[in-house]
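In: pasting the sequence and the predicted coordinates here, then a few questions.
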Amino acid sequence: MIQRTEAIILKTQNWSESSRIIHAFTRKFGRMKFMAKGVRRTKSKFGAAFDPGTLSQVVFYRSIRSEIHTASEASVVFYPGQTCRTENLCFLAPALEVAYRATDLESPNLALFNNLLVLLKALENSPGPQHPLAEFCLASINNLGYHPVLDRCLDCRKPISEEQFLFSLSLGGLLCPGCCKKHGESVALTRPVLKGLDFWQQHDYLPPMETADSLFLIRLLAEFINHHLSGHSRLVSFKYLPRD
Ligand SMILES: [Zn+2]
């Protein structure tokens, strides 16, 4: 059966001398695998449509027997790298990796697809690419069903004191210093990061933040995702982000 969908290309895998398997997040069907025959040739009919980070229109034969479907046509709808600053592009790979890890094969997830699309568009002209990536990571965590508790200690339920904000990676919320000892791995939050998280919970977007605070938040969220998507390897592309 021939079908058509918009797809954001997440990653590719060489298959033969001329073919690749394309892992894409499609609008209609969720994450899918496509066989792209001839894509590695210089004059491929697919052009740049299967480059990671591209939003493309893909026409494919949907297989009933295999999870790999055969792409027959593809054209670029949008690629942030055409006009965005090169330094913004290193913020694209972590988002593609999170989208790959946070989705199941052929299980539609329109909310997360739209979140990723917002990020692609934001990278094109954002002066601070860390901000939309932090928002995408938060949206992914919500999409996975996690909603951090920020107004009290998760264990003893006491209101959190003014000085100490310890975020538990395993429990997904704040702990007081006393309870923190019982639960192991936790990260000390700064006040701006805590305020940012609190604002996000109320408004679904982040307030303006210093670059260093956004980068700290991104690394915290990557650790959280690593912790909760067990059984997989750790996220790798976050280590290539700038440190401050
Ligand atoms: Zn406590």
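Out: Sure, I can see it.
In: the ion contacts on this protein?
Out: For the chain, the contact set with the ion under C-beta under 5 Å from the ion comprises C153, D155, C156, C176, C179. All C-beta atoms are positioned from the backbone trio N, CA, C, and that covers glycine.
In: just the element for the closest residue in space to the third one that isn't next to it in sequence, please.
Out: Counting by C-beta to C-beta, 6 or more residues apart in numbering, C179 is the residue found nearest to C156 once chain neighbours are left out, at 5.4 Å. Under the assignment given by DSSP states H and E, the secondary-structure element containing C179 is helix 177-183.
In: what sits up against the following helix or strand past that helix?
Out: Note on helix 177-183: by DSSP H and E, the next helix or strand toward the C-terminus is strand 186-188. Strand 186-188 is contacted by residues Q164, F165, L166, F167, S168, L169, L175, C180, L220, E223 when judged by C-beta atoms under 8 Å, 6 or more residues apart in numbering.
In: chain center to the worst-scoring helix or strand of the chain on mean pLDDT, what's the gap?
Out: When the helices and strands of the chain are scored by mean pLDDT, DSSP states H and E, helix 177-183 comes last with a mean of 84. Relative to the mean C-alpha coordinate of its chain, helix 177-183 is positioned 30 Å out (C-alpha atoms, centre = their mean, to the nearest Å).
In: and it, what does it pack against?
Out: strand 166-168 (3 or more C-beta pairs under 8 Å, 6 or more residues apart in numbering; DSSP states H and E).
In: list the buried residues in the top helix by length along the chain.
Out: The longest helix of the chain (DSSP state H) is helix 211-228. Neighbour-count burial for helix 211-228 flags 213-226 (criterion: 16 or more other C-beta atoms under 10 Å).
In: how is this protein carved up into domains?
Out: 1-78, 84-244 (automatic domain parsing).
In: before we move on, the earlier item: any chance of TSV for the residues of the chain next to the ion, columns neighbour count?
Out: Converted to TSV, the residues of the chain next to the ion look like this (neighbours: other C-beta atoms under 10 Å):
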residue	neighbour count
C153	21
D155	17
C156	11
C176	20
C179	19
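In: got the CA coordinates for the longest helix of the chain in CSV?
Out: Extracted in CSV, the C-alpha atoms of helix 211-228 (Å, rounded to 0.1, in the frame of the first residue of the first chain):
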residue,chain,number,x,y,z
THR,A,211,22.6,30.7,29.0
ALA,A,212,24.5,28.9,31.8
ASP,A,213,21.2,28.1,33.7
SER,A,214,19.5,26.8,30.5
LEU,A,215,22.6,24.6,29.8
PHE,A,216,22.5,23.3,33.4
LEU,A,217,18.8,22.5,33.0
ILE,A,218,19.4,20.7,29.8
ARG,A,219,22.1,18.5,31.4
LEU,A,220,19.8,17.8,34.4
LEU,A,221,17.0,16.8,32.0
ALA,A,222,19.3,14.5,30.0
GLU,A,223,20.3,12.8,33.3
PHE,A,224,16.7,12.4,34.2
ILE,A,225,15.9,10.9,30.8
ASN,A,226,18.9,8.6,31.1
HIS,A,227,17.7,7.5,34.5
HIS,A,228,14.1,6.7,33.4
